[in-house]
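A.B. asks: Build me a model:
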Amino acid sequence: MSILAWIVLGLVAGFIASKLVSRSGGSLVVDLVLGIVGAVVGGFLFNQFGAAGVSGLNLYSLLVAVVGAVVVLAIYHAFSGRRAL
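C.D. replies: Residues are numbered from 1 along each chain as shown. Here you go, the predicted structure:
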């Protein structure tokens, strides 16, 4: 997957995850970083459970990245003391 595809996937996944968890969303840069980290974390988690990770720019990869980004956001909110909902 190209760098541009990772950026697009990360931006969309980060935006969706931030809307799901905190209902307010973050800035463009925060959403991008969260989505890319979430894609990596989601790919790792899905591989640990025997499913495929991020495989390209498709809906399944978006689902994997969003799940990973939600996990990253939940951990962030747990350690920062902020309420997620």
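A.B. asks: Roughly how far does I75 sit from F49?
C.D. replies: 18 Å (CB to CB, to the nearest Å). Heads up, the C-betas are built off the backbone N, CA and C, glycines and all.
A.B. asks: And the two? Which one has more around it.
C.D. replies: I75 (11 against 6; other CB atoms under 10 Å).
A.B. asks: Tell me the pLDDT of that one.
C.D. replies: Note on I75: pLDDT of 82.
A.B. asks: ok, it to G68 distance?
C.D. replies: Distance of I75 to G68, computed by CB to CB: 11 Å.
A.B. asks: per-residue confidence averaged over stretch 21-40?
C.D. replies: Per-residue pLDDT over stretch 21-40 has a mean of 72.
A.B. asks: Grab the nearest non-local neighbour of the residue most central in space within the chain.
C.D. replies: For the chain, the residue nearest the mean C-alpha position is A69 (2.6 Å; CA atoms, centre = their mean). Of all residues not flanking A69 in the chain, G38 sits nearest, at 2.6 Å (CB to CB, 6 or more residues apart in numbering).
A.B. asks: The one you found touches I75, doesn't it?
C.D. replies: No: under the criterion of CB atoms under 8 Å, G38 makes no contact with I75, lying 10.8 Å away.
A.B. asks: Mind giving me the packing neighbours of the one helix or strand Y76 maps to?
C.D. replies: Y76 belongs to helix 59-80 when elements are defined using DSSP states H and E. Applying 3 or more CB pairs under 8 Å, 6 or more residues apart in numbering; DSSP states H and E, one finds that helix 59-80 makes contact with helix 3-22, helix 28-48.
A.B. asks: Take the shortest one, keep the C-alpha atoms, and write them as PDB.
C.D. replies: Output in PDB follows, covering the C-alpha atoms of helix 3-22 (Å, rounded to 0.1, in the frame of the first residue of the first chain):
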ATOM      1  CA  ILE A   3       2.000   6.200   1.500                       C
ATOM      2  CA  LEU A   4      -0.800   8.200   0.000                       C
ATOM      3  CA  ALA A   5      -3.200   5.300   0.600                       C
ATOM      4  CA  TRP A   6      -2.100   5.000   4.300                       C
ATOM      5  CA  ILE A   7      -2.700   8.700   4.700                       C
ATOM      6  CA  VAL A   8      -6.200   8.600   3.200                       C
ATOM      7  CA  LEU A   9      -7.100   5.500   5.200                       C
ATOM      8  CA  GLY A  10      -5.600   6.900   8.400                       C
ATOM      9  CA  LEU A  11      -7.500  10.200   8.000                       C
ATOM     10  CA  VAL A  12     -10.800   8.600   7.400                       C
ATOM     11  CA  ALA A  13     -10.400   5.900  10.100                       C
ATOM     12  CA  GLY A  14      -9.100   8.500  12.700                       C
ATOM     13  CA  PHE A  15     -12.100  10.800  12.000                       C
ATOM     14  CA  ILE A  16     -14.600   8.000  12.300                       C
ATOM     15  CA  ALA A  17     -13.000   6.700  15.500                       C
ATOM     16  CA  SER A  18     -12.800  10.100  17.100                       C
ATOM     17  CA  LYS A  19     -16.500  10.700  16.300                       C
ATOM     18  CA  LEU A  20     -17.400   7.200  17.700                       C
ATOM     19  CA  VAL A  21     -15.500   7.600  21.000                       C
ATOM     20  CA  SER A  22     -15.700  11.300  21.900                       C
END
